[in-house]
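Take this sequence and fold it.
(one chain, ligands or ions: 1)
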Amino acid sequence: MLDGKKVLFSGMQATGNLTLGNYLGALKNWVSLADEYMCFYSVVDEHSITVRQDPAVLRKRSRALLTLYIAAGIDPEKACIYYQSHVSAHAELAWILNCFTYMGEMNRMTQFKDKSAKHADNINVGLFAYPVLMAADILLYQADLVPVGKDQTQHLEITRDIANRFNNIYGNVFTIPEPYIGKAGANIRSLQNPAKKMSKSDENPNASIYLMDDPDTIRRKFRRAVTDSEATICYRPEQPGIMNLIDIYCACTNKTPDEAVAEFSGLGYGQLKEAVGESVVELLAPLQQRCAELSKEKSYIDGIIKNNAEKAGYYANKTLRKVHKKIGFPERIR
Ligand code: TRP
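All right, here's what the predicted structure looks like:
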């Protein structure tokens, strides 16, 4: 708890171009969560270097992501929006937690297995210990809640295990975080294969709508979206492509699937795709415009970066000092 509010932590990586799935599934909800909770939203650049990055590109994308958080409507005075690398306590606590995490536990992480298969030439120790850094992110702020997608639930589980292990040895140091299960973010799937989630790392550019796609590109990708041969617009698992289009439409327009199905009844797939494409264009246009405007306000963004790094650092270092004391590091002489 901070100032009578529960603490919520989440982070995103600035690698790849963010998709409509990232926005509707996560970022859009972050905005309203900030009304209710004390939120820390990090651009987790330290996680990004577990895969080789071009320095100039990483720097540019990190800034763009931080700007996007604000463009999406998160109030940077309320929620703490910051770069992970600006708060050195993340790396410091991660080191300590490494010493309370077992090789066997990390070996079981499915994302590590997937990523090491994908980057077989660079299976580095950081990639292996990635969930420990994530645990440090969360535990530093004594977060009560963490909104995570399905692919990160295993990492949150291990965070809880590490925190409990530490608390059992040293007393109550860390808050045990819970997954945030609220109004679930929309689960947006690939436009080319609705069995898969829409992903920024998909090789097929037609599978994903990128947040910075222009209107014509968006319309074209929806026209090419994979559907089925049923030729009827229903909302049911047997028609995953149509279901995905309806989910996207509903997330953009705040309608329910029933309302959408009624609206489209008797229409063809072509008309459905047109309407969904248009709803996405209408959703993204103001976001893109706001990003463009904000990216010109250099000193405003710089101010947010500086102030929020200090704010995050204040809370993080409080926890880190407590940890140091508990594990027996000598007190600093001031
Ligand atoms: N690993 C997360 C992802 O790739 C990002 C992340 C890093 C995160 N630290 C976090 C998410 C802490 C939630 C809480 O999606």
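
For the chain, what lies in contact range of the ligand?
Residues of the chain lying close to the ligand (C-beta under 6 Å from any ligand atom) are 9-13, 44, 47, 134, 137-138, 146, 148, 152. Yep, even glycine has a C-beta here, placed from its N, CA and C like the rest.

Counting only strands, which of those make the cut?
Counted as lying in strands by DSSP state E, out of these, are 9, 10, 11, 12, 146.

contacting residues around the last one?
The neighbourhood of residue 146, defined by C-beta atoms under 8 Å, 6 or more residues apart in numbering, consists of 8, 9, 10, 138, 156, 159, 177, 178, 179, 180.

Now do the nearest residue to the third one once chain neighbours are set aside against residue 75, distance only.
Counting by C-beta to C-beta, 6 or more residues apart in numbering, the nearest residue to residue 10 once its immediate chain neighbours are dropped is residue 147, at 5.4 Å. Look at residue 147 and residue 75: by C-beta to C-beta, to the nearest Å, they are 17 Å apart.

of those two, who's got more company?
The neighbour comparison of residue 147 against residue 75 (other C-beta atoms under 10 Å) goes to residue 147, with 22 against 12.

Retrieve the pLDDT associated with the more buried one.
At residue 147, the model reports a pLDDT of 94.

in the stretch 1-150 of the chain, which spans are strands?
7-12, 38-43, 80-83, 145-146 (DSSP state E, counting those that start in this stretch).

who does the longest helix along the chain touch, helix- and strand-wise?
For the chain, the longest helix by residue count, based on DSSP state H, is helix 298-327. Contacts defined by 3 or more C-beta pairs under 8 Å, 6 or more residues apart in numbering; DSSP states H and E place helix 298-327 against strand 38-43, helix 55-71, strand 80-83, helix 89-98, helix 125-140, helix 269-296.

Let me have the ones you listed in TSV, adding distance to residue 167 and mean pLDDT as columns.
Below are these laid out as TSV (distance: least, C-beta to C-beta, whole Å; pLDDT from 0 to 100):
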stretch	distance to residue 167	mean pLDDT
strand 38-43	21	98
helix 55-71	31	97
strand 80-83	25	98
helix 89-98	12	98
helix 125-140	10	98
helix 269-296	41	97
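
Let's have these in CSV, adding distance to residue 318.
Listed next are the helices and strands packed on helix 298-327 as CSV, based on distance: least, C-beta to C-beta, whole Å:
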stretch, distance to residue 318
strand 38-43, 13
helix 55-71, 23
strand 80-83, 14
helix 89-98, 9
helix 125-140, 9
helix 269-296, 31
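
Using JSON lines, lay out these together with mean neighbour count and distance to residue 227.
Formatted as JSON lines, these follow (neighbours: other C-beta atoms under 10 Å; distance: least, C-beta to C-beta, whole Å):
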{"stretch": "strand 38-43", "mean neighbour count": "26", "distance to residue 227": "35"}
{"stretch": "helix 55-71", "mean neighbour count": "18", "distance to residue 227": "30"}
{"stretch": "strand 80-83", "mean neighbour count": "26", "distance to residue 227": "38"}
{"stretch": "helix 89-98", "mean neighbour count": "20", "distance to residue 227": "44"}
{"stretch": "helix 125-140", "mean neighbour count": "23", "distance to residue 227": "37"}
{"stretch": "helix 269-296", "mean neighbour count": "17", "distance to residue 227": "5"}
